[in-house]
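Chemist: Build me a model from this:
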Amino acid sequence: MEMRRERWPDVLAVAVALFVWRLFFPGLMSQDSISQYGQALTGLYNDWHPPLMAIVLRTVLGLGAALGLLMLAQCLAGVLGVCALARECMELLYGDRVPPRRAAWLALLVLLLLLVPLSPLAFYLMTFWKDAWAAVFLLWIGALAIALFRRGMDRRRVALLVLLSALLGLVRHNAVVILPVLGLVLWLGLRRAGAGRPSALAVAAAPLVLWLAANPLIDAVFQVTKLHPDSQIMVLDLVGLCAADRAACAELPWTRSHIRDEAGLARYRPGDIGFIFWDDPSPVDPAMRLDYPRLRAEYLHAVRRFPVELARVKLAAFKTLLGVHQTSYFFHGTIIENPFGLRLNDRFAGLRQRLIWRAATVSESPVLRWICGVHLVWIGVNVLWVAVLLALSFRPGGLRYRFLACLLLVPLGYYLSYLAATPEHDFRFMYPSTLMVQCVTLAWMLPWLASRSWSRSPS
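Modeler: Numbering: from 1, shown residues only. Prediction:
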């Protein structure tokens with residue numbers, strides 16, 4: 001009976017996951033999702049989106065299952081990942097002051113708070129998106145890394161941590177930039193566990209090595225067509241450079257030759273490929289990206305010749321993701337029209353519509369959206385966490401704070417990775433980092449609030 005009591009938080013977390021799964025069954029699908037679904041059905045892959053998700057889905061379909069089963073796995077992994085990271089953070093920060101049973105219940109409360117419509121978590125748990133997978137991977141990477149630091153060496157835990165780190169780079173192009181940071185986290189955890197320098201260094205390098213090996217292997221085995229998704233960013237940056245500096249544009253003949261309407265450059269929108277590829281009429285010929293070698297050569301020339309001006313263009317694009325002026329594409333709540341017959345269940349249509357309405361209201365509210373819909377707030381919280389933890393790390397017993405500070409460099413690095421490439425203003429891009437920071441923050445806050453409440457209660 002005692003064991004059953006200890007398992008209740010996990011049982012309830014699974015029940016929550018099952019409810020969310022049934023509510024949005026078989027899953028939420030955007031245009032990107034449908035594109036990947038089509039690749040899974042045909043077995044014809046391209047690299048516009050990293051092909052791993054389509055390959056996994058095709059494997060699931062080939063085993064006789066359907067999209068709904070994969071989404072159940074995603075939802076369970078996300079729900080349990082929130083609880084696992086929250087619980088590990090509490091035990092790292094509070095130690096024996098928060099008993100394991102209480103930590104489990106408080107971790108469940110963290111999950112429930114994040115499922116309130118102020119946060120879009122419920123939608124992401126059931127959206128077939130690379131951003132949703134990246135969020136799940138980050139949650140489990142954080143939980144497993146803290147477990148490695150606290151509990152010591154366990155080969156299965158280390159292997160899973162390395163695998164998830166490599167997979168993170170395989171589902172999101174920009175995530176590769178944080179693999180060295182994850183290597184640092186692995187190094188610190190392994191050294192704390194007593195591993196020697198050579199073995200710790202080898203494991204720390206493993207995620208990046210796996211990523212480097214897996215990319216060409218996947219391309220070769222699954223015959224992935226190269227579409228060069230980075231070309232859209234090159235086009236956007238070069239056009240932005242022309243819009244900002246006509247003198248620089250004079251030295252970019254390939255870009256200049258594809259500008260249809262120079263006056264139209266005044267409408268240039270930083271960090272929005274729609275300006276080039278979707279606006280009708282577009283002041284720029286979208287075919288500019290098709291000659292990849294020539295485009296790349298001109299882009300590299302711009303990097304060498306106009307580094308400061310190009311950095312300004314990228315910074316202006318990055319700012320659009322921070323959400324200061326508006327929260328764009330807070331969540332996706334439907335399955336778009338598609339040729340595959342995919343549609344949401346009718347049974348919970350009413351409840352879904354109410355949740356969509358509430359979440360949309362939050363994203364459009366001048367006040368409420370600042371709670372969960374403005375990434376700048378959580379970037380600030382992330383930086384504050386790192387600064388405070390590093391300051392605390394110089395106290396006796398401060399190694400745990402130093403480790404958590406290094407771990408929180410992971411979401412910070414993921415945020416900053418969009419300095420290199422911002423294709424649209426979508427909230428979803430930075431959400432994996434924001435979710436991780438929110439989870440850590442609530443895991444610290446709830447036990448602190450609970451202890452204050454208990455200390456004030458009459459004896």
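
Chemist: what's near enough to touch the residue lying closest to residue 232 once chain neighbours are set aside?
Modeler: Spatial nearest neighbour of residue 232, excluding adjacent residues (CB to CB, 6 or more residues apart in numbering): residue 273 at 5.1 Å. For the C-beta atoms, the positions are set from N, CA and C on the backbone; glycine is no exception. Counting by CB atoms under 8 Å, 6 or more residues apart in numbering, residue 273 makes contact with 232, 233, 235, 236, 423, 424.

Chemist: Quick check: the farthest pair among those?
Modeler: In those, the most distant members under the criterion CB to CB are 235 and 424, with 13.8 Å between them.

Chemist: The two: who's more crowded?
Modeler: More neighbours surround residue 235 than the other of residue 235 and residue 424, with 24 against 18 (other CB atoms under 10 Å).

Chemist: That one falls within a strand, correct?
Modeler: No. With DSSP: H, G, I helix; E, B strand; the rest coil as the criterion, residue 235 is helix rather than part of a strand.

Chemist: separation between it and residue 266?
Modeler: In this view, residue 235 and residue 266 are 18 Å apart by CB to CB, to the nearest Å.

Chemist: Does anything pack onto the one helix or strand residue 314 maps to? Which helices or strands?
Modeler: Using DSSP states H and E, the element containing residue 314 is helix 307-319. If you count contacts as 3 or more CB pairs under 8 Å, 6 or more residues apart in numbering; DSSP states H and E, helix 307-319 packs onto helix 230-244.

Chemist: what's the average pLDDT for whatever helix or strand comes next after the helix it packs on?
Modeler: Under the assignment DSSP H and E, the closest C-terminal helix or strand after helix 230-244 is helix 246-249. Across helix 246-249, pLDDT averages out at 93.

Chemist: now stretch 105-121
Modeler: 97.

Chemist: how about it: buried residues?
Modeler: For stretch 105-121, a neighbour-count test (16 or more other CB atoms under 10 Å) marks 106-111, 113-115, 117-121 as buried.

Chemist: Contacts made by it with the rest, please.
Modeler: 9, 12-13, 16, 20, 78-79, 82-84, 86-87, 90, 98, 122, 330-331, 355, 358-359, 362, 368, 371-373, 427, 431, 435, 438-439, 442-443, 446-447, 450.

Chemist: show me where the stretch 51-200 of the chain has helices.
Modeler: Listed in chain order, the helices of the stretch 51-200 of the chain (DSSP state H, counting those that start in this stretch) span 52-62, 67-94, 100-114, 121-125, 130-151, 155-171, 179-192, 197-221.

Chemist: quick one, which of those is nearest to residue 386?
Modeler: Nearest to residue 386, of the helices of the stretch 51-200 of the chain and by CB to CB, is helix 179-192 at 11.6 Å.

Chemist: and the closest one, average pLDDT?
Modeler: Here the average pLDDT along helix 179-192 is 97.

Chemist: Show me the shaky parts of the stretch 351-459 of the chain.
Modeler: 453-459 (pLDDT under 70).
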